[in-house]
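In: Coordinates for the following, if possible.
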Amino acid sequence: MYKVFVKDIPIILSTEKNIGEHYTTIPLKQARFKKLVKKINNGELLYVNLYHKNAEKLERFLRKKIKVVEAAGGLVYNSKKEILFIRRNKKWDLPKGKIEKGETHEVAAIREVVEETGIKDLEIREFIKTTYHVFTRNNKFRLKITYWYEMYSDYDGPLVPEAEEGIKKVKWKDFEKSQKALQDSYENIKLLFPKEYLTTHPNDRISEV
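Out: Take a look at the predicted model:
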């Protein structure tokens, strides 16, 4: 199953025909993906499930229907079990960025986290998951596919937000402050965190699937 977020509303792509009474299920072959995105942006659609029995065809469908931008980023912990957040576009977010030609996902993830935050001595612990969201560039829809890694650093020096990328702040946040930050973040970012970080369920729509 895939959750492709459009303005924090997920388009579900799944191998199940029935995922909740609120959802309209559309066979994948009949789906007009860009039209669905426009309807969500216009507030005309909230619950949609694109169905195909073959799971391999779900992401293949996405890559055919909309131009893809691949990115990588990190959920970074330190020795105090604090998490590294950035403040951008008036939201708390995690550092990430576009994968350059010839880079592996892991190399890109570390480079982007370093560039956006000024942190040092990063190491990757494990892959977390892939997230998907639709954004607009030059009045055209793009699908950002982001590969996320759990990282660790014992760096205790100054953090430097990358102003050129619109980052206003970089902060280490403990468990309590991380919970608060997630209330002012994005739904696809919340998917990366253990459930105990989410003091309230992020979205009734998502809880149904």
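In: Only the buried residues of the longest strand along the chain, if you could.
Out: Of all segments of type strand in the chain, defined using DSSP state E, the longest is strand 123-137. For strand 123-137, burial by neighbour count (16 or more other CB atoms under 10 Å) applies to 124, 128, 130, 131, 132, 133, 134. Bear in mind the C-beta positions are built from the backbone N, C-alpha and C, glycine included.
In: Quick check: the second one touching residue 151?
Out: Looking back up the chat, that one is residue 128. No - contact criterion CB atoms under 8 Å: residue 128 and residue 151 do not qualify, at 9.8 Å.
In: Quick check: neighbours shared by the two?
Out: Jointly contacting residue 128 and residue 151 under the rule CB atoms under 8 Å, 6 or more residues apart in numbering are residue 75.
In: give me every residue that touches residue 159.
Out: With contact set as CB under 8 Å, 6+ apart, residue 159 has these partners: 84, 117, 118, 119, 170, 171, 172.
In: any idea whether residue 171 is helix, strand or coil?
Out: Recorded secondary structure, residue 171: strand (DSSP: H, G, I helix; E, B strand; the rest coil).
In: That one: how many residues sit nearby?
Out: By other CB atoms under 10 Å, 17 other residues sit near residue 171.
In: I'd like to know how far it sits from residue 45.
Out: 36 Å (CB to CB, to the nearest Å).
In: Report the inter-axis angle for the helix or strand that residue 108 is a member of versus strand 123-137.
Out: Assigned by DSSP states H and E, residue 108 belongs to helix 105-117. The directions of helix 105-117 and strand 123-137 differ by 80 degrees, with axes from the mean of the first three to the mean of the last three CA atoms, to 10 degrees as the criterion.
In: what's the distance between helix 105-117 and the middle of its chain?
Out: 15 Å (CA atoms, centre = their mean, to the nearest Å).
In: Would you mark the buried spots in that helix?
Out: Those buried within helix 105-117 under the rule 16+ other CB under 10 Å are 105, 108, 109, 110, 111, 112, 113, 114, 115, 116, 117.
In: now stretch 188-196
Out: Neighbour-count burial for stretch 188-196 [16+ other CB under 10 Å]: 188, 189, 190, 191, 192, 193.
In: now the end-to-end length of that stretch.
Out: 16 Å (CA to CA, to the nearest Å).
In: Stretch 30-50 too?
Out: Length of stretch 30-50, first residue to last, CA to CA: 9 Å.
In: Ok, stretch 175-193 next?
Out: End-to-end span of stretch 175-193 (CA to CA): 11 Å.
In: mean confidence score for that stretch?
Out: Stretch 175-193 shows a mean pLDDT of 94.
In: among the helices and strands of the chain, which has the poorest mean pLDDT?
Out: None of the helices or strands of the chain scores lower by mean pLDDT, DSSP states H and E than helix 204-207, at a mean of 39.
In: centre of the chain versus the helix or strand just after the longest strand of the chain, how much separation?
Out: Sequence order places strand 140-152 as the next helix or strand after strand 123-137, per DSSP H and E. In terms of CA atoms, centre = their mean, the centre of strand 140-152 is set 6 Å apart from its chain centre.
In: what about residue 182, distance to residue 34?
Out: 30 Å.
In: Counting neighbours, go ahead and name the busier of these two.
Out: Between residue 182 and residue 34, counted using other CB under 10 Å, residue 182 has the larger neighbour count: 23 against 13.
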